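Asker: everything below, folded, please.
(one chain, ligands or ions: 1)
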Amino acid sequence: KPVVAIVGRPNVGKSTLFNKLIGERAAIVKDVPGVTRDRLYRDIEWSGHEFLLVDTGGLEPNTKDYIMSKVRYQAEVAIEEADVVVFIVDGQAGVTALDEEVAYVLRKKNKHVILAVNKIDNLEKHSELVYEFYGLGFENFIAISGEHKQNLGDLLDLVIEKFKDIELIEEEEGLRIAVIGRPNVGKSSLVNKLMGEERTIVSNIAGTTRDAIDTKFEYDGNSYVLIDTAGIRRKSKVEESLEYYSVLRAIKSIKRANICFVLIDSKEGVTDQDKRIAGLAFEEKKPIIIVINKWDLVKKDNYTMKDYEKEVKDQLPFLSYAPVIFISALTGQRVLKLIEKSEQIFAEYTKKITTGVLNQVLKEAMMLNPVPTRKGRVVKINYATQIRTAPPKFVLFANNPDLLHFSYLRYLENKIREAFGFEGSPIEFTVRRKG
Ligand code: GDP
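Answerer: The predicted model follows:
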């Protein structure tokens, strides 16, 4: 959820604006626990967009002689966590040194800023007051009156416009792929291949930490981001071979990914360390493709893919839903298929089944194999619905939720997969009581 901060020097009308925005023009969705006491944060909804509005006025020290450093500090804290900043100034007072101070901090932080010139009750009469603030150097500009609730809707519209810019950037980034596996399975070889000449590397995106570099590439009209390529390609085998480091890196990458490639070395088969790393992706409930690399080294006469796949699945029983793809990062065999599969898997992960069709499938499943009675009591599932995607999660409503055995849930999961697929995606269930 985006964060919008109202920032400005003392006495420009921050809290009045905050109160008017939460009280009148926008619907309050709910209070945020823990901070409601100070009433500094509120959830707001405006034309279908939810955001968190922050009143930095409440952060001000309760003293008359504000010093510049305090104002600067207050602004910096608020700005740090904000996606959009509403910079409010006093139109009647004109530009002051403290306004310049706040403007300086804002420009330095490179945030989306909307300059709101407050206390302008009559724009025609006071237009020259407004124009004075052009000098602060912000492109988005609006005259408002917090007190008299003028132009507040337009102000919120401007804020929403900024969200669209931010969302657009996120969408353009594309699928975020984590390539994980123990040392020497071929992670860097695969990353190099994916970024090879046939595709254009668009840019390096700075990651969340200084040493995590993500790389964006395009294929077949879609964008992809390979996560933490620096960590993968850095050839510090000493460090990487310490399991602690490779696991830590893998966890960080998985958390930021929306699909995981779990690499296995086909010459070695599934090792215990492979199992642990695959388990991390499983625990984070991410969509997964099991990638069997170095397939060029395997003699195909005695081993078919089918045999091999079965062996791998036996070793990784918790990933029964994950597709297995055989590649050679060295020759490039089926490397592009991996990318095409990613699109499919992600579509499955984010798929939503309508309640009617879902219940039809479950009804048939329960007819074929009725819910077992337990402790002499009948368990009845009345209906089910999918409450979320990514990962897909289903709620079953039953008369005795506690008596529903997990093996029966496993059965229902299989039936749901038979009917709807969800390849590569974990599925979650929760059972609630309903007569
Ligand atoms: P990482 O530690 O997981 O990044 O693994 P590397 O990409 O450094 O690969 C380890 C070794 O396996 C290197 O010597 C690679 O040349 C080799 N290698 C990687 N992929 C393949 C492959 O598909 N086939 C063959 N024959 N060798 C590979």
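
Asker: just the CA coordinates of stretch 270-283, formatted as PDB?
Answerer: This file holds the C-alpha atoms of stretch 270-283, laid out as PDB (Å, rounded to 0.1, in the frame of the first residue of the first chain):
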ATOM      1  CA  VAL A 270      19.400 -34.700  -5.900                       C
ATOM      2  CA  THR A 271      21.600 -34.100  -2.900                       C
ATOM      3  CA  ASP A 272      20.700 -33.200   0.700                       C
ATOM      4  CA  GLN A 273      21.700 -29.600   0.100                       C
ATOM      5  CA  ASP A 274      19.500 -29.500  -3.000                       C
ATOM      6  CA  LYS A 275      16.600 -30.700  -0.900                       C
ATOM      7  CA  ARG A 276      17.200 -27.900   1.600                       C
ATOM      8  CA  ILE A 277      17.400 -25.200  -1.000                       C
ATOM      9  CA  ALA A 278      14.300 -26.500  -2.800                       C
ATOM     10  CA  GLY A 279      12.600 -26.600   0.600                       C
ATOM     11  CA  LEU A 280      13.200 -22.900   1.100                       C
ATOM     12  CA  ALA A 281      11.300 -22.000  -2.100                       C
ATOM     13  CA  PHE A 282       8.600 -24.400  -1.100                       C
ATOM     14  CA  GLU A 283       8.300 -22.700   2.300                       C
END
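
Asker: is that stretch up against the ligand anywhere?
Answerer: No: using Cβ under 6 Å from any ligand atom, stretch 270-283 stays clear of the ligand, coming no nearer than 10.9 Å. To be clear about C-beta, it is placed using only N, CA and C from the backbone, and glycine gets the same treatment.

Asker: so for that stretch, mean pLDDT?
Answerer: The pLDDT scores in stretch 270-283 average 92.

Asker: can you name the residues bridging to Val395?
Answerer: With DSSP bridges applied, Val395 shows beta-bridge pairing to Thr385, Thr430.

Asker: which pLDDT value goes with it?
Answerer: For Val395, pLDDT reads 89.

Asker: OK, contacts around it?
Answerer: Contacts for Val395 (Cβ atoms under 8 Å, 6 or more residues apart in numbering) come out as 384-385, 387, 429-432.

Asker: what about it, distance to the ligand?
Answerer: Look at Val395 and the ligand: by Cβ to the nearest ligand atom, to the nearest Å, they are 40 Å apart.

Asker: what's the first helix or strand after the helix or strand of the chain with the lowest mean pLDDT?
Answerer: Lowest by mean pLDDT, DSSP states H and E among the helices and strands of the chain is strand 27-28, with a mean of 38. Per DSSP states H and E, strand 27-28 leads on to strand 41-46 as the next helix or strand towards the C-terminus.
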